[in-house]
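>>> next input, structure requested:
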Amino acid sequence: MLVRVVIVVAVIVAAFLIFVGLQPAGFRITRSVTISAPPETVFAQVNDFHKWGAWSPWEKLDPAMKKTYSGNPSGYDAKYEWTGNSKVGEGRMVITESRPNELINIRLEFLKPFAATNMAEFTFKPQGNQTVVTWSMSGNNNFMSKAFGLFMNMDKMIGGDFEKGLAQLKTVSETPAGK
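The predicted structure follows:
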């Protein structure tokens, strides 16, 4: 009887491990917003990590977060490192590409609570007297990420933060001080 139970448990565990292993290797989360401001106004808010405090959804989760800036003050090779509470963790970002008023690519390295390296992308498309801003993050799912994804919807979880951040970016960019 005990042998049968052990075999059944082993089969269930093996099936679960195989199922997790078959989950998608990569992910991409994307959200967009239309902002009533020209691309150069919105681009300036994203291209300078010093300005992220006004709109980033994670900055508000830990007002005591320690931040360090290095590299260029903005644009290509600007660097930003943070250490915060359990809600924001620890990590660093570096702008790897910056095309004025069009595109910003950022390498995003999470150190805590989970190690991961992802790419973030912001695009700015003029639409009349407005700008459509698209914020995306992509990366590879390791085994733990695949297993976590079975129980938590990463698109909804991270996408919700993107939506908050884009709404705040819209507010900042549309106010006279942001312009």
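
>>> check which helix or strand covers Val8.
Assigned by DSSP states H and E, Val8 belongs to helix 2-21.

>>> in the helix or strand following that helix, which residues are buried?
Later in the chain than helix 2-21, the nearest helix or strand by DSSP H and E is strand 26-35. By neighbour count with 16 or more other C-beta atoms under 10 Å, strand 26-35 contains the buried residues Phe27, Ile29, Arg31, Val33, Ile35. C-beta: built from backbone N, CA, C; applies to glycine.

>>> ditto for stretch 116-135
Of the residues in stretch 116-135, Asn118, Ala120, Glu121, Phe122, Thr123, Phe124, Gln130, Thr131, Val133, Thr134, Trp135 count as buried by neighbour count, 16+ other C-beta under 10 Å.

>>> so among the residues you listed, where is pLDDT lowest?
Scanning these for pLDDT, the low point is Asn118. It has 92.

>>> before we move on, the earlier item: pLDDT (mean, whole number) over the helix holding Val8?
Here the average pLDDT along helix 2-21 is 77.

>>> helices or strands up against that helix?
helix 143-151 (3 or more C-beta pairs under 8 Å, 6 or more residues apart in numbering; DSSP states H and E).

>>> mind checking the pLDDT average for the helix it packs on?
The average pLDDT within helix 143-151 is 65.

>>> quick one: Gly165 from Ser56, how far?
Gly165 is 6 Å from Ser56, where distance means C-beta to C-beta, to the nearest Å.

>>> closest to Trp82 among the buried residues of strand 26-35?
Ile29 (19.9 Å; C-beta to C-beta).

>>> any idea what that closest one is bridged to?
Taking DSSP bridges as the rule, Ile29 bridges to Met137.

>>> pLDDT score assigned to it?
pLDDT, Ile29: 90.

>>> and the helix holding Val8, how far out from the chain's middle?
A distance of 35 Å separates the centroid of the chain from that of helix 2-21, by C-alpha atoms, centre = their mean, to the nearest Å.

>>> can you report how many residues neighbour Thr68?
Residues contacting Thr68 under the criterion other C-beta atoms under 10 Å number 11.

>>> state whether it is indeed within a strand.
Yes - the assignment for Thr68 by DSSP: H, G, I helix; E, B strand; the rest coil puts it in a strand.

>>> okay, it and Ser56: tell me how far apart.
Per C-beta to C-beta, Thr68 is found 15 Å from Ser56.

>>> what's the closest residue to Ile158 other than its chain neighbours in contact with, if anything?
Distances taken as C-beta to C-beta, 6 or more residues apart in numbering place Ile29 nearest to Ile158, at 5.0 Å, with adjacent residues excluded. Contact analysis of Ile29 by C-beta atoms under 8 Å, 6 or more residues apart in numbering lists Ser136, Met137, Ser138, Met154, Asp155, Ile158, Gly159, Phe162.
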